[in-house]
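S.K.: 3D, please:
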Amino acid sequence: MCRPTGFGYSRVEISIRYGTIGARDTEVEPVRAIYDAFARRDVEAALAHIAEDVVFNAEGTAKLAGRTTPYRGHDGVREYFADAARVWEDLTLYAEDIRAIAGSVVVFGRVVGTVGGKPFRSRVIWSWKLRDGKAASMRVNTLSDA
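M.R.: Down below sits the predicted model:
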């Protein structure tokens, strides 16, 4: 929405919360907490919101680390955090639009980082399945270069 100011127009961004109305907010909170923990590189804080038998499909990092299978369980998530620290010179996840739908959370966003001295940017969708308030699975799908 544009509104006149004394100096032309200024853009006003309006945030709309798609898919997170009412009770669905409780599904979004564990996922947000995992992203917050990842930003701090605090694996133990992330694990507090992840089921012990999680299947974690972070194919980009796994491929860079020479891995061909998903990360499984809490030890697998610890391996993912270690692999991410080892293969990425820097890595930032931008969770820009979070939507809850029937036991799942879908996150639209971007991945920005540096790997092998080269910049990396991609638009992605993270798909999370929740069980008993914890992440039971996660899959990343790459959409395009950002």
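
S.K.: and the pLDDT at residue 3?
M.R.: pLDDT, the model's per-residue confidence, is 35 for residue 3.

S.K.: where does the prediction get shaky in this structure?
M.R.: Residues of the chain meeting the criterion pLDDT under 70: 1-24, 145-146.

S.K.: quick one, strands of it?
M.R.: Remark: strands assigned in the chain by DSSP state E are 2-5, 8-11, 50-57, 71-72, 90-101, 104-115, 118-131, 134-144.

S.K.: in JSON lines: these, plus mean neighbour count and distance to residue 80.
M.R.: Bear in mind the C-beta positions are built from the backbone N, C-alpha and C, glycine included. Shown next, in JSON lines, are the strands of the chain (neighbours: other Cβ atoms under 10 Å; distance: least, Cβ to Cβ, whole Å):
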{"stretch": "strand 2-5", "mean neighbour count": "8", "distance to residue 80": "43"}
{"stretch": "strand 8-11", "mean neighbour count": "8", "distance to residue 80": "38"}
{"stretch": "strand 50-57", "mean neighbour count": "18", "distance to residue 80": "6"}
{"stretch": "strand 71-72", "mean neighbour count": "18", "distance to residue 80": "4"}
{"stretch": "strand 90-101", "mean neighbour count": "16", "distance to residue 80": "12"}
{"stretch": "strand 104-115", "mean neighbour count": "18", "distance to residue 80": "14"}
{"stretch": "strand 118-131", "mean neighbour count": "16", "distance to residue 80": "13"}
{"stretch": "strand 134-144", "mean neighbour count": "16", "distance to residue 80": "10"}
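
S.K.: who wins for proximity to residue 37 among those?
M.R.: strand 50-57 (9.5 Å; Cβ to Cβ).

S.K.: which residues touch the closest one?
M.R.: 34, 70-74, 76-77, 80, 131-132, 134-140 (Cβ atoms under 8 Å, 6 or more residues apart in numbering).

S.K.: next one: stretch 72-83
M.R.: Stretch 72-83 is contacted from outside by 38, 41, 43, 46-47, 50, 52-56, 58, 61-62, 64-65, 67, 70-71, using Cβ under 8 Å, 6+ apart.
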